[in-house]
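Enquirer: Take a look and give me a structure for this.
(2 chains, ligands or ions: 7)
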There are 2 protein chains.
Amino acid sequence: MLSAQTDYPPLFAEALARTQVQVDGAMERGFLVPTPVDMAGGYTHEVHKQNWKTLSGAGAIYRLTGDTTYAAIVRDGLLAYAEVYRDWPTHPTARSYATGKVFWQCLNDANWLVYVSEAYADVYDWLEPSVRSRINAELFRPMADFLSLENPQFFNRIHNHSTWGNAAVGMIGLVMDDEELVQRALYGIPATELPEDLRDDDSGKIMSETGRAGFLAQLDLSFSPDGYFTEGPYYLRYALSPFLLFGRMLADKRPELNNLAYRDSILGKAIDALLLQADPLGDFYPLNDSQKGMSLYAPEVVKTVDYGYYLYGQDPTLLSLAIEQGSVTLDAAGLAVATAVAAGKAQPFRPGSVAFTDGPDGQEGGVGILRAYGDGEERTGLVMKYSAQGMGHGHFDKLSYSLYDGTGEVIQDYGAARWVNIDQKGGGRYLPENQTWAKQTVAHNTLVVDRTSHYQGDIRIAENFHPDLYAWDGDGDSLQLVSAVATDAYPGRRLHRSQWLLTDSLFDHPLLIDLFRVTGDTAGVYELPTWYQGQLLAADFDYTTIDTLTAMGADHGYQHLLTEARGYPEAGTATVQWFGRGRFYTQTMITQPGDELLFVRPGANDPNFNLRRDPGFLLRREGPASTTFLAVLEAHGSYDPRVEVAERPFGSISGLHLIQDDSDYTALRFTHRDGAQWTLLLSNHDASPESIHELILDDTTYRWEGVHHLIKTNDASE
Amino acid sequence: MLSAQTDYPPLFAEALARTQVQVDGAMERGFLVPTPVDMAGGYTHEVHKQNWKTLSGAGAIYRLTGDTTYAAIVRDGLLAYAEVYRDWPTHPTARSYATGKVFWQCLNDANWLVYVSEAYADVYDWLEPSVRSRINAELFRPMADFLSLENPQFFNRIHNHSTWGNAAVGMIGLVMDDEELVQRALYGIPATELPEDLRDDDSGKIMSETGRAGFLAQLDLSFSPDGYFTEGPYYLRYALSPFLLFGRMLADKRPELNNLAYRDSILGKAIDALLLQADPLGDFYPLNDSQKGMSLYAPEVVKTVDYGYYLYGQDPTLLSLAIEQGSVTLDAAGLAVATAVAAGKAQPFRPGSVAFTDGPDGQEGGVGILRAYGDGEERTGLVMKYSAQGMGHGHFDKLSYSLYDGTGEVIQDYGAARWVNIDQKGGGRYLPENQTWAKQTVAHNTLVVDRTSHYQGDIRIAENFHPDLYAWDGDGDSLQLVSAVATDAYPGRRLHRSQWLLTDSLFDHPLLIDLFRVTGDTAGVYELPTWYQGQLLAADFDYTTIDTLTAMGADHGYQHLLTEARGYPEAGTATVQWFGRGRFYTQTMITQPGDELLFVRPGANDPNFNLRRDPGFLLRREGPASTTFLAVLEAHGSYDPRVEVAERPFGSISGLHLIQDDSDYTALRFTHRDGAQWTLLLSNHDASPESIHELILDDTTYRWEGVHHLIKTNDASE
Ligand SMILES: [Ca+2]
Ligand SMILES: [Ca+2]
Ligand SMILES: [Ca+2]
Ligand SMILES: [Mg+2]
Ligand SMILES: [Mg+2]
Ligand SMILES: [Mg+2]
Ligand SMILES: [Mg+2]
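Expert: Ligands and ions are numbered 1, 2, ... in the order given. Modelled structure (predicted):
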């Protein structure tokens, strides 16, 4: 037991005690500094990774308790590295565009240096000057130069790898008070000091078009003005660490730079952007190349919450995230959080609707998240993606959406085809199916035309374009709207999707109303997937299952799809019903003569069983140059196998109609089986909140202000 | 707030308060007694079902608080039924072999009468004698006669339906002190009073071969001497209710019958048998026709736990089940449980290994459950099924097994193809695929020969036979064994399966060692399925996925199976690795030249998407008349997507050999990659614990006592 421990609030004291257990355990096993030879997962990789944790833990314990045993652990560990570091060649694997020395890639060396810099800061004043000098000269300055001057292709890009490099060099520079390193970290290596026309492994120029590099350039260019990160929350979580760690140290040691307020407090916005991109279970939306299951409650996100609280306004709702995380950072931020938690200041984390812009100037589309709260504060969340391509980790899924409720995923985004760090699956790297399936349009809940992915699935085309937000009503009341347009995904076709969350006491949970208009000049074959989570219960149209299953196509993801059944709905509406996690779902879709419903599942051309065999269905329509899809999704009732009573297993919507649909207006109407009727009007040409619209339907004249308008009639319950 | 409420311990007070909320809510909505017209799920069905809950809740509240408002609710409700009951015809649906009056089947009428009898008992003394007389004469005696004399095909069988009928008639008889009804309930309707040769809907004779009927006959004939119920725990849970409810009332009102001690306390054994047939998450093993997810923690099982505690020995480990259930019965049993819980007497529920016998005399095979406890008291459970057929709800799965650990199902039993009470799935009834898939041998983890189910999948054959236990070592120590033989599943072939759970500190979790010997006179094609839960990671042999998927066969379940890949292991061993719920699994199997591994999944000929698409693999061997399968399954390591570190993703076993295998002995050996080696010896001809065996292997003579013997060598860690 640490003597000081009992003075700290519980969350902090427990985090400190856990750290001590880890450090003591590691020291008992022995602190080894083996010559690097292994890839990730291998022995030397894991030892050096453990070492950075041991050193940073020991530094924190010394700082918080004054127990010099732990300062000595840091000193001795660093001396052991100093003894050998300069003699190590670059890592023998030579598998990276920027091979490290301690690890197979500079990125991991930079991770090491970031965390070890913190440990060094903790003991710096305690060390004998001669020891400091030796460590500075024989370990840290060489390592910082290696990660920057010797690897400009790693250090000088606008890229999250470079952010790690900048942070590592900057943090050790701050600790050693080495202004040259600090300046290099902040502003990059001047182009004049680099070979001309330096290019990376993909032949891309190292220097960005702006001519800028370094930490401040990353702050300017990595995020949209809202803090959104174009690769999505999974990568934002990873990219944010060096920003936060270097940013906090800079704030301490160079307060005059005022980096926390830089770019209208962009770091605070990035923190918020991360925390707002998670479903009700805390899982980050698996946009683009995301492994599913990464979470608000991951250890890595502890500092995001704590720094968000401490550095940006003490929002008491963040404290409930900290409670769920069950840990805090071992610094002033974590102490502030733990103290506030102990004082009972936590309030429920209740994120609202939010539209993030994408692109450094916020001009490249974005992501709209509508959230509605129901009984027991259950949250339903709709995520519509109209962002830019997201660079190499982007998916071809313009105007795609996913839906979440208190049970988790309802309509899923597939995420990435990758098992991070699991050796049996391609060494943990992206699997071939990430390209051939996960990135393709049909793997998403958005329209595929002519079985070809958006932008032909070609990133070189895709990165020149982005959809745009058309209209947004995220005010949190009973009707909310996100609407966006993509004009470039298919040349000559305009895709316009509008999605509403409607909360009404006649329905158990918020309804999703989905309107997808495509206008073009030439005929097309349209397939609109719904990747539902659960077991198919029933459809209200005839379908026939297929006895011989083969791949649906040869490319654009269709080479992985099996058609399990083919349905022939009559013109009018079609419903598909499924059972999720204890809850029923019914999707009602308007259909036209000749429409088909294809029940599909990935599984073809999957030679290593890399794909999840999750079900979906495609509403297929052949022919028209322009057409509109309209669907309403209800979540209703419940079923618990412990009780075996099916509550409200059937949906309530008895009619769904597109009353008018042209370039000026769309009017849609649906009816509850008890008689209530909703008419929803949308202007397709003017999204201004101030414009006055007028539309005559069935001899009734509707006038309203703003882009959309809802009329409810015949409610017997009122 | 009830005045008396605060005097009760919390679990009891809360259960009482919840009941009051339910009764008050129901009375606010109004107590209606509509003329019955609907099937289950329909309006009148649900109203009458709610009424029994309202009446029994109100009776309990009156009994516990003395608040006569609630006694009046019971009185007025019963009078409302008495007013109309005799005028109701039998239910208009006429869909049952025993159509009810209140509900579509007598079974539900009997459910109603059981629970309402309790309510009536609660208020009996408070009622005016004239009111009692009226209710007795106009409601209960007619109802009791209807359920017995007028429906002997419902009342007089040895069947769980009849148990409900017996309990209903007996309980109301006890309340009204109507000895004629009590005698009828205890002993059935005398055969002399029934039409000769009365037959049920399946043309079975109503009277059992024993000539007995009634509650005591059910106690004698429904369970094995261990309390095992041949249809499995899912049905035991259901069947147990009338036994417990009538049994407890009998104990109160006719203590001289001493029914709780009847047949060596068979009711207490049945309670134990139910509570011991659940996995570490509390889910009952889905043997035979079971819907998955039914649980120790289902509301229905509250009385099983409470009566088990109160009537049979106050086992303090049952209290922790009660805590997890979060409720108690509103009677002396529940009060005893709640009081003991409040006094802190609860101890962990830690079931051990147990072998249940099947058949009324315990002579018809059984079910063996091995349990081993590891780190953090994590439980691994192996269930081997060598029971009798289990009547109409039985599956053709002799010597099948399933495996569970702290994460839930590891090797699954498919359960039933049925969605109880979910209208969209065949009205909630058994689906066609229950017969064509779920009951068939290949749907289970046991051997299929010549793609034909055991007993040709014919219950008329199957019910004449059963496997037998060969050897049992369930002593809870580091090596446990269950071994059974089936000689009749395939004529001319003897199937002998032996499974061990081995706990050793060199492995993260207990190993499953699975030895399956088949001996016969003619060549055969053998397929041994492993229905694992999770995502396939890798195999150590070449396999090719299949581009065109079609049904594997035409019948015996194979019409539902798709072969997704075909593997060609070399002779020696083959491993298959998968990822479950946060944990890795590696199965190592010995293989012979020509063996194939077929990776399969149900999905063919499933016209209504009734089947789950869970993966499995079949080890396929063609040719020999006799052959042996041997496999070892390791559970190891972990992976959490929030942390993305794969701990010990690879298994540790580097060699597996069958050293000797004949009708006298099997000797098998496996090796840990760090060098330790285990040699496991089994006598195939003498399972006596006292016999001395001697076997010479590689010049070493092994001598041991009892059926099996384990030798561990070369353990570097010792
Ligand atoms: Ca590049
Ligand atoms: Ca609104
Ligand atoms: Ca043993
Ligand atoms: Mg995606
Ligand atoms: Mg509004
Ligand atoms: Mg089964
Ligand atoms: Mg022993």
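Enquirer: how about whichever residue of the stretch 51-200 of chain A sits closest to chain B, what does it touch?
Expert: Chain B sits closest to residue A:53 of the stretch 51-200 of chain A, with a gap of 11.4 Å, by CB to the nearest CB. Placement of C-beta: from N, CA and C, glycine included. By CB atoms under 8 Å, 6 or more residues apart in numbering or on different chains, the residues touching residue A:53 are A:22, A:26, A:115.
Enquirer: Now do the helix or strand containing the last one: distance to the chain's middle.
Expert: Taking DSSP states H and E as the criterion, the element that holds residue A:115 is helix A:106-123. In terms of CA atoms, centre = their mean, to the nearest Å, the centre of helix A:106-123 is found 26 Å from the chain centre.
Enquirer: before we move on, back to that, are we agreed that the residue of the stretch 51-200 of chain A closest to chain B is in a helix?
Expert: Yes. Under DSSP: H, G, I helix; E, B strand; the rest coil, residue A:53 falls within a helix.
Enquirer: where's it relative to ligand 4, distance?
Expert: 32 Å (CB to the ion, to the nearest Å).
Enquirer: For ligand 6, see how far away that residue is.
Expert: Using CB to the ion, we find residue A:53 at a distance of 47 Å from ligand 6.
Enquirer: what pLDDT does that residue get?
Expert: Model confidence at residue A:53, given as pLDDT, is 97.
Enquirer: same question, residue A:194
Expert: Listed pLDDT for residue A:194 reads 84.
Enquirer: Please apply the same query to the one 5 residues further on.
Expert: For residue A:199, the model assigns a pLDDT of 68.
Enquirer: and the residue nearest to residue A:309 when sequence neighbours are not counted, what is it in contact with?
Expert: Using CB to CB, 6 or more residues apart in numbering or on different chains and skipping residues adjacent in sequence, the residue nearest residue A:309 is residue A:318, 4.5 Å away. Each residue near residue A:318 by CB under 8 Å, 6+ apart is listed here: A:275, A:305, A:308, A:309, A:337, A:349.
Enquirer: wait, which of those is closest to residue A:554?
Expert: Ranked by distance to residue A:554 (CB to CB), the contacts of residue A:318 are led by residue A:275 at 42.1 Å.
Enquirer: and that closest one, how many neighbours?
Expert: For residue A:275, the count of nearby residues is 22 (other CB atoms under 10 Å in any protein chain shown).
Enquirer: ditto for residue A:580
Expert: Residue A:580, neighbours per other CB under 10 Å, totals 18.
Enquirer: tell me the domain ranges of chain A?
Expert: Domain segmentation of chain A under automatic domain parsing yields A:9-195+A:211-218, A:354-641, A:652-718.
Enquirer: Ok, which of those domains comes nearest ligand 2?
Expert: Proximity to ligand 2, assessed across the domains of chain A by CB to the ion, is greatest for domain A:354-641 (4.2 Å).
Enquirer: Just the buried ones among the contacts of residue A:53, please.
Expert: Neighbour counting over the contacts of residue A:53 (16 or more other CB atoms under 10 Å in any protein chain shown) leaves A:26, A:115 as the buried ones.
Enquirer: Give me the pLDDT value at residue A:438.
Expert: pLDDT, residue A:438: 98.
Enquirer: so where's chain A shaky on pLDDT?
Expert: A:1-6, A:199-206, A:716-718 (pLDDT under 70).
Enquirer: Please identify the residues of it in proximity to ligand 4?
Expert: Residues of chain A found near ligand 4 (CB under 5 Å from the ion) are A:395, A:413.
Enquirer: Next, the residue in the stretch 151-300 of chain A that ligand 7 sits nearest to: phi, psi?
Expert: For the stretch 151-300 of chain A, the residue closest to ligand 7 is residue A:293, as judged by CB to the ion, at 41.2 Å. Residue A:293 adopts backbone torsions of phi 100, psi -10, taken as degrees, to the nearest 10.
Enquirer: Look at the closest residue to it other than its chain neighbours and say how many residues are nearby.
Expert: In space, residue A:293 comes closest to residue B:641 once its chain neighbours are excluded; the distance is 2.9 Å by CB to CB, 6+ apart. Look at residue B:641: counted by other CB under 10 Å, it has 15 neighbours.
Enquirer: ok, now how distant is residue B:641 from residue A:330?
Expert: 25 Å (CB to CB, to the nearest Å).
Enquirer: again with residue A:310
Expert: 13 Å.
Enquirer: so which residue of chain A comes closest to ligand 4?
Expert: residue A:395 (3.8 Å).
Enquirer: For the nearest residue to that residue once chain neighbours are set aside, give me its contacts.
Expert: Nearest residue to residue A:395, sequence neighbours excluded (CB to CB, 6+ apart): residue A:439, at 4.7 Å. Contacts for residue A:439 (CB under 8 Å, 6+ apart) come out as A:289, A:394, A:395, A:396, A:453, A:457.
Enquirer: Now the nearest residue to the second one once chain neighbours are set aside. Its backbone dihedrals?
Expert: Spelled out, it's residue A:394. The spatial neighbour of residue A:394 that comes closest, neighbours along the chain excluded (CB to CB, 6+ apart), is residue A:288 at 5.2 Å. Main-chain torsions, residue A:288, degrees, to the nearest 10: phi 50, psi -150.
Enquirer: same deal with residue A:248?
Expert: The phi/psi pair for residue A:248 (degrees, to the nearest 10) is phi -70, psi -40.
Enquirer: Next, count neighbours for it.
Expert: Residues lying near residue A:248 (other CB under 10 Å) number 24.
Enquirer: need the contact list for it.
Expert: A:307, A:311, A:331, A:333.
Enquirer: One more pass at 7 Å, please.
Expert: Contact analysis of residue A:248 by CB atoms under 7 Å, 6 or more residues apart in numbering or on different chains lists residue A:307.
Enquirer: Smallest gap between chain A and ligand 6, at which residue?
Expert: For chain A, CB to the ion, closest residue to ligand 6: residue A:641, 16.1 Å.
Enquirer: Okay, that residue and residue A:408: tell me how far apart.
Expert: Residue A:641 sits at a distance of 18 Å from residue A:408 (criterion: CB to CB).
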